[in-house]
Every structure is written in C-alpha cells, then in structure tokens.
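In: Build me a model:
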Amino acid sequence: MKTVKFLGLTCVAVAALATAPQSASAHEYNTAESGHPFRLISYPFHALGRGLEYGFTRPVHNYVSQPCNRWWYGHTSHPATENNWGDYDQYQRRSY
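Out: Purely as a prediction, here's the structure:
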C-alpha cells in the first residue's frame with residue numbers, strides 16, 4: 001500500500017512539473033532590420049494574407065478535395081498515392 005501511494009504521488013509530481021508554465025522571452029529586437037519602412041508596411045499585408053488563407057482558400061480546398069467533389073473539380077491530392085494514368089473511376093471508388 002505504501003508503494004502504491006508513493007507511486008501515485010510520484011506520478012502527480014511528474015505531471016505537475018511537466019505541465020507547469022515555462023518562462024518565455026521574446027527574440028532580440030534589431031532596430032536596423034525591424035525598422036525598415038518596407039517591413040513595417042508588410043506587416044498588415046502578411047496578416048491579411050494569413051486571414052485570406054485560413055478564411056477562404058483552406059475551406060475551399062477542403063470542399064474541393066472531398067471524394068464526392070473531386071471529379072467535378074479535377075482535384076488530385078497526392079500523385080504518388082493515386083492512380084493518374086487514365087483510371088477515371090478512381091474518384092468513384094474513394095467516394096464511399
């Protein structure tokens with residue numbers, strides 16, 4: 001019984017240490033590189049591009065890549081794993 005309690009307390013202690021928050025610090029800020037006007041202008045465009053990617057293109061790709069929609073849009077996911085040499089029934093096999 002004593003070893004079971006000790007093992008339980010050891011597991012709790014290890015779990016507490018493993019999930020404890022770690023200290024984080026920012027990277028070094030170099031004003032010569034980070035203060036360039038083109039870089040300052042590009043920050044909003046980067047955020048806009050990321051928003052466009054995650055908000056529009058990824059959902060569209062998810063819709064197009066579904067097995068029942070592949071035939072309509074001509075989508076092929078991975079040429080190494082799919083038969084792209086004229087087997088037009090490959091999309092029907094994967095749709096069920």
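In: Show me the residue sitting in the middle of this structure in space.
Out: If you average the C-alpha coordinates of the chain and look for the closest C-alpha using Cα atoms, centre = their mean, you land on Y54, 10.1 Å from that point.
In: Give me the pLDDT for S25.
Out: Note on S25: pLDDT of 71.
In: Next, count neighbours for it.
Out: Using other Cβ atoms under 10 Å, S25 has 5 neighbouring residues. Bear in mind the C-beta positions are built from the backbone N, C-alpha and C, glycine included.
In: V64 now?
Out: V64 has 13 neighbouring residues, counting by other Cβ under 10 Å.
In: Quick check: nearest residue in space to it, chain neighbours excluded?
Out: Using Cβ to Cβ, 6 or more residues apart in numbering and skipping residues adjacent in sequence, the residue nearest V64 is Y73, 4.6 Å away.
In: mind checking how far that neighbour is from Y63?
Out: 9 Å (Cβ to Cβ, to the nearest Å).
In: Next: S23.
Out: As defined by Cβ to Cβ, S23 lies at a distance of 42 Å from Y63.
In: Give me the more crowded residue out of the two.
Out: For S23 versus Y63, the count of surrounding residues by other Cβ under 10 Å is larger for Y63: 11 against 4.
In: which residue packs closest to the more buried one, ignoring adjacent ones?
Out: Using Cβ to Cβ, 6+ apart and skipping the chain neighbours, the partner closest in space to Y63 is N69 (6.3 Å).
In: Please tell me I have it right and the one you found contacts N62.
Out: No. At 9.8 Å, N69 and N62 do not qualify as touching, with contact defined as Cβ atoms under 8 Å.
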